[in-house]
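Asker: this is the structure alone, sequence omitted:
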């Protein structure tokens with residue numbers, strides 16, 4: 001029960017990495033609040049699984065790019081479950097196309113979901129963490145923020161921005177007892193990667209030293225390390241479980 005008594009807020013928590021992390025945190029004692037975007041059936045199923053582990057759970061549908069909505073959800077979480085101890089900033093999306101074909105609207109949407117949404121959700125919970133002298137913020141980046149990718153220029157740029165944000169906030173937050181870190185997953189079997197062209201997907205798998213995509217539970221294990229007591233010396237770090245796609 002590494003997170004006994006904790007309250008964790010997770011964005012994009014109804015499926016994939018977010019859902020796996022919600023269940024991993026709940027199994028270790030945390031109560032869970034998560035948001036999603038119009039994914040009510042999956043959200044209800046995830047709540048039921050969390051409650052089956054003996055923990056409290058709540059969910060709301062919202063667009064993380066809507067700053068007022070993220071602030072309201074953070075406040076609602078604190079009122080219902082207690083102050084947020086762990087923020088897992090996970091919500092994301094992608095539009096794959098050639099660099100020259102992106103519209104301004106598509107650029108704005110990808111950046112708003114990843115960078116703006118992450119920034120202001122962190123801002124919503126950070127003052128309380130700093131006032132209490134403890135807390136943990138984990139931001140989901142991507143190995144594409146480290147190495148780039150074809151047909152993913154905006155997504156790669158947004159994920160790289162998340163790494164810069166993580167390091168900058170870590171400098172401010174650590175002296176106040178709040179640890180800020182990032183996870184940069186490699187290719188994971190999620191709804192997002194399921195939209196890949198089958199030939200591209202197989203080529204990606206063939207090029208990986210481990211010859212498979214990762215599982216959401218493997219990223220959740222990394223999040224649990226960062227959120228729990230064993231992660232106390234990670235500050236501004238980027239952990240990258242990626243099957244050997246990026247070695248550094």
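Answerer: Sure, I can see it. Keep in mind that this is a model prediction, so the values were computed, not measured.

Asker: for the chain, which spans come out with low pLDDT?
Answerer: Within the chain, no stretch falls below the threshold (pLDDT under 70).

Asker: so in it, which helix runs the longest?
Answerer: The residue-count maximum for a helix in the chain (DSSP state H) belongs to helix 153-173.

Asker: and the residue nearest to residue 140 when sequence neighbours are not counted, how many neighbours?
Answerer: Excluding the flanking residues, the one nearest residue 140 by C-beta to C-beta, 6 or more residues apart in numbering is residue 90, at 4.6 Å. In this view, the C-beta of every residue, glycine as well, is placed from N, C-alpha and C. Residue 90 is flanked by 26 other residues according to other C-beta atoms under 10 Å.

Asker: likewise for residue 82?
Answerer: Residue neighbour count, defined by other C-beta under 10 Å, stands at 14 for residue 82.

Asker: quickly list what the residue lying closest to it once chain neighbours are set aside is bridged to.
Answerer: Sequence neighbours aside, residue 7 is the residue nearest to residue 82 in space, at 4.9 Å (criterion: C-beta to C-beta, 6+ apart). Under DSSP bridges, the beta-bridge partners of residue 7 are residue 31.

Asker: show me what the longest helix of the chain packs onto, helices and strands only.
Answerer: For helix 153-173, the helices and strands in contact under the criterion 3 or more C-beta pairs under 8 Å, 6 or more residues apart in numbering; DSSP states H and E are helix 104-111, helix 117-132, strand 135-140, helix 144-147, strand 178-183.

Asker: again, only using 6 Å
Answerer: Contact here means 3 or more C-beta pairs under 6 Å, 6 or more residues apart in numbering; DSSP states H and E; on that basis helix 153-173 packs against helix 104-111, helix 144-147, strand 178-183.

Asker: check those for me and report the most buried one.
Answerer: Of all the helices and strands packed on helix 153-173, strand 178-183 carries the top mean neighbour count, a mean of 26, counting by mean count of other C-beta atoms under 10 Å.

Asker: now the farthest one out in the protein, which residue is it?
Answerer: Farthest-out residue of the chain from its mean C-alpha position, per C-alpha atoms, centre = their mean: residue 100, at 28.4 Å.

Asker: if I look at that residue, how far off is residue 136?
Answerer: 40 Å (C-beta to C-beta, to the nearest Å).

Asker: contacting residues for residue 86?
Answerer: Residues near residue 86 by C-beta atoms under 6 Å, 6 or more residues apart in numbering: 6, 8, 136, 227.
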